[in-house]
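Asker: Compute the structure for the input listed below.
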Amino acid sequence: MRFTFVILSLIFMFIDETFSLYMLERIYGYEVFKLAITPWFLIPYSILIFLVEYILIRLIYFSITKFLHFLRRLIAFH
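Answerer: Sure thing, here's the model as predicted:
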């Protein structure tokens, strides 16, 4: 299951990163965009986005499974 979380996090990371860099270029201009795509900024930024996406996906997954488990117990109780 962790592999699935990692793959989903990577997919969402690339989507979020592409969108945010595109918006950065549109709002602040090409000079700021050139600074943002340097490795000293892009690598920590990518890691941060990946970790946030990974944590969110795990939280959503475990929340849904706990809720479904609660519903199963509630239905079985009646």
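Asker: Could you report the distance from the residue sitting nearest the centre point of the chain to residue 6?
Answerer: By C-alpha atoms, centre = their mean, the chain has its centre lying nearest to residue 53, at 2.1 Å. Here residue 53 is placed at a distance of 10 Å from residue 6 (C-beta to C-beta, to the nearest Å). C-beta here means a position set from N, CA and C on the backbone, and glycine is covered the same way.
Asker: What ranges does this structure have for its helices?
Answerer: Counting by DSSP state H, the segments of the chain that form helices are 2-28, 30-36, 39-77.
Asker: How many neighbouring residues does residue 32 have?
Answerer: For residue 32, the tally of surrounding residues (other C-beta atoms under 10 Å) stands at 11.
Asker: try residue 13
Answerer: 20.
Asker: residues contacting it?
Answerer: For residue 13, the contact set (C-beta atoms under 8 Å, 6 or more residues apart in numbering) comprises 46, 49-50, 53.
Asker: Narrow those residues to just the buried residues.
Answerer: Neighbour-count burial within those applies to 46, 49-50, 53; the criterion is 16 or more other C-beta atoms under 10 Å.
Asker: export the helices of the chain to a markdown table and tack on mean pLDDT?
Answerer: Listed next are those as a markdown table, based on pLDDT from 0 to 100:
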| stretch | mean pLDDT |
| --- | --- |
| helix 2-28 | 92 |
| helix 30-36 | 93 |
| helix 39-77 | 93 |
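Asker: For residue 41, give me its contacts.
Answerer: Residue 41 neighbours (C-beta under 8 Å, 6+ apart): residue 35.
Asker: Can you tell me how far it is from residue 22?
Answerer: Using C-beta to C-beta, residue 41 is found at 16 Å from residue 22.
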